[in-house]
Every structure is written in C-alpha cells, then in structure tokens.
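Asker: only geometry, no sequence info:
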Ligand code: SOE
C-alpha cells in the first residue's frame, strides 16, 4: 500500500519563472494534494521572477505565499525543499545545478538544457546530489497523458508484436503569420533551438518512453521559413528553426519518422504518435487526448479494424485520481500527475522518471538531428549514454 506522508512536514516549493509554464506548474502545485492525497503535502512558498511588480501579481493570482526576484536567495531558504525551473532554456543549467548543490530536489521544464554540454553538467550535478538523497526530474509532462501511458504499457507488453515503424509529429501554427513578433523562443542564445528543442524534445522522449530503447542514429533537416521578425526596436533575425524533420533508428532497428513545426497552419497543439508492429498498431493525437486508436489482430480478419479506446476508466493510468469514466481529462492534468509522481519519488527515496539521464538522452538525439542537418542530412551516430566520469 502507498504510505501516507501527510503526517510529515509539508515540502516547501519554489517555482522559478511565471510565464506560460510557470502558470501551468503553479496550477499543478495547487491541485496536487487535493487529487493525490498519498503524495507528500506541499506548501507553495515562493514564486520567482525578474520583475518585482509582475511576479507579485502572479504570485497573488496563482496562490503563492510570497514572490521574490532573486532565485539565488531562494536557494538559501531552509523552508524551500523543491525547486521547479520554468525559465527560458538558457537559465536551466545555472539554476538547476545551483539548486541541486544547495540540496534541493529539482524539476526542470523540458528540454533539459539548450546544449549537450549543459545537459552533461546538469546530469553530473544530479548524480552527485543523488548520493545525498536529492532527486531530479525533467518535465516531460506528456508521459502523464493516460492514453500515452497506456500506449506504453501495450507496447511493452508486446501487444503490437515487434515494433517496426513509429511516426511521431508535433505540429503547431503560432508562427504562421510572418507578423507574429519576436520572442525568446526564436533566439538561439535563449532557446537553444526552435521547434526542434521545444516540440522535438517531447517527440523524442515519447519514442524513448514507448519503445524503452535508445535512438542510435539520426538524419535531420531543419528549416527557418521566416528569417526576420519584429522585435521591440525593429526587425531582428530569427536564429532558430521553424520546423524540423528526422529519420531515427533505434538500437533494435525500429525506424522512426519525426516531424515538428510551429508553422503547420491549422494545427494548434497536435502531438501525434503512431506505432506500427507485427501484430497491431496504435495512434494518438493530443488534440483528442483521452483517446487511443488501437488495432490488435485478434478474431476474424473480416471484423478487424482500428477501434477507439476512450482512456478514462479507473484502471487506466492516472485515472483513479480523477473523474468517473467518460469525464475526460485535459492538458493541465498532466502537470498535476507529474508533480504527484515527483513528490512520491522523493518520499520513497527513489529516482523519478524521467530523470536527468533521460533528459540527457533526448538532448543527444536533438543534437544528432542538428548535426545531421548541418551535414546536409547525412546519417550520424547518436550516443545517448552519458559519460560515467564527472
Ligand atoms: C510551446 O510551443 C509549447 O508551450 C511547448 O513549450 C510545450 O512544451 C508544449 O506542451 C506546448 O507548446
């Protein structure tokens, strides 16, 4: 039985960053105790941002006890046990490494880092901290979509037979308009890459999670369709990709076709996954996130065909925490379930999944895709195992 940790002192949480992801994570920290009462209790101690007035407003609106502007000072606080990094990518390594060195459990929004070198430093810090019981996790929240968690179970149980092909795409359209303004997400020094890191990281993590084996080879292509956008003081160069394509090969020989874009007109938030095996197939689309399309070759051939499984039963992953069958979940629930899994891992003294090892592996694949694109699409080897020396 899951132990009840409610009698222990609540864990103090700090979130660094209060834009889109900071809000999504704040919502999770607010709801986690109500829906996952077996997880350790939390206190929402402090929300951190650069602008004192704006972060104070956000903290009040989102229900934080305090607001602060200096994340380093927050790391000195004894009443903060968990640091949740929701900043733009260029700050992930600095904040996460310092937080781990201060003995805080750390969760970092995806992608883990902007570069492999940063990811390596973060992983080394997480490994050192692990020896003191400090835990580190990457926020690949789509692992907590019940339908995708079920898909993973089915693949791992061998229900689809030998998996030969995977198609994974993540399509959005918020950059279709060339008049859409410049943001940090379009600056290499802030974001590391464009659609590749932002959306491709989720796609690659799903491949690793579903198949349970690493990608070992990549061929890639990157495209920037609109090369200049209006910034605060005039036009600025866009220094990241708008879209990326890749063919990946996993260790056992599964071939993956990957496509990500922020310029796919009409696609709002379409993470689509299709897995084709020798005995069946499945399909998922985040825009209908409670559904899995499943084909298992059972019974008479003339009656076979893909069927829609509504993944809302109490024995589907994560559903016992939420609503009765058919009362569907949304995008925000994944963050609450993620927070619950992180807290339980802390309480049990176990490493959460995905940890920094898995975040590092994704970073290596993204780097392989970019290296291949630089080399005109040539196949490049990808090593997803982190170096053991620190
Ligand atoms: C923006 O493209 C974004 O918010 C990503 O950064 C998230 O990870 C994804 O869940 C939704 O889209």
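Answerer: Right, received. Where do you want to start? Predicted, not measured: the structure shown is a model, and the values here were computed from it. Numbering: from 1, shown residues only.
Asker: what's the neighbour count on the residue in the stretch 251-390 of the chain positioned nearest to the ligand?
Answerer: Relative to the ligand, the nearest point of the stretch 251-390 of the chain is residue 269 (5.7 Å; Cβ to the nearest ligand atom). For every residue, glycine as well, the C-beta is placed using N, CA and C. Around residue 269 there are 15 other residues, counting by other Cβ atoms under 10 Å.
Asker: you'd agree it is up against residue 174?
Answerer: No: counting by Cβ atoms under 8 Å, residue 269 sits too far from residue 174 to count as a contact (9.4 Å).
Asker: Give me the nearest residue to residue 32, chain neighbours excluded.
Answerer: residue 339 (4.5 Å; Cβ to Cβ, 6 or more residues apart in numbering).
Asker: which helices and strands does the helix or strand where the one you found lies pack with?
Answerer: Following DSSP states H and E, one finds residue 339 within helix 331-348. When contacts are defined as 3 or more Cβ pairs under 8 Å, 6 or more residues apart in numbering; DSSP states H and E, helix 331-348 packs onto helix 20-35, strand 105-109, strand 136-139.
Asker: residues in contact with the residue of the stretch 251-390 of the chain closest to the ligand?
Answerer: By Cβ atoms under 8 Å, 6 or more residues apart in numbering, the contact list for residue 269 reads 172, 286, 287, 331.
Asker: Filter these down to just the ones in helices.
Answerer: Using DSSP state H, the subset of the contacts of residue 269 located in helices is residue 331.
Asker: before we move on, the earlier item: and the residue nearest to residue 32, how many neighbours does it have?
Answerer: Around residue 339 there are 30 residues (other Cβ under 10 Å).
Asker: Nearest residue to residue 26 in space, ignoring adjacent ones along the chain?
Answerer: In space, residue 26 is closest to residue 62, 4.1 Å off (Cβ to Cβ, 6+ apart).
Asker: Tell me where the model's unsure across the protein.
Answerer: Along the chain, the model assigns pLDDT under 70 to residues 1-7, 386-390.
Asker: Can you get me the start-to-end distance on stretch 72-90?
Answerer: 16 Å (Cα to Cα, to the nearest Å).
Asker: Name the residues of that stretch that are buried.
Answerer: 74-75, 77, 80-90 (16 or more other Cβ atoms under 10 Å).
Asker: Let me have the helices and strands packed on helix 331-348 in JSON lines, extended by mean neighbour count and distance to residue 300.
Answerer: Formatted as JSON lines, the helices and strands packed on helix 331-348 follow (neighbours: other Cβ atoms under 10 Å; distance: least, Cβ to Cβ, whole Å):
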{"stretch": "helix 20-35", "mean neighbour count": "20", "distance to residue 300": "42"}
{"stretch": "strand 105-109", "mean neighbour count": "25", "distance to residue 300": "48"}
{"stretch": "strand 136-139", "mean neighbour count": "29", "distance to residue 300": "45"}
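Asker: Right, I'll leave it there.
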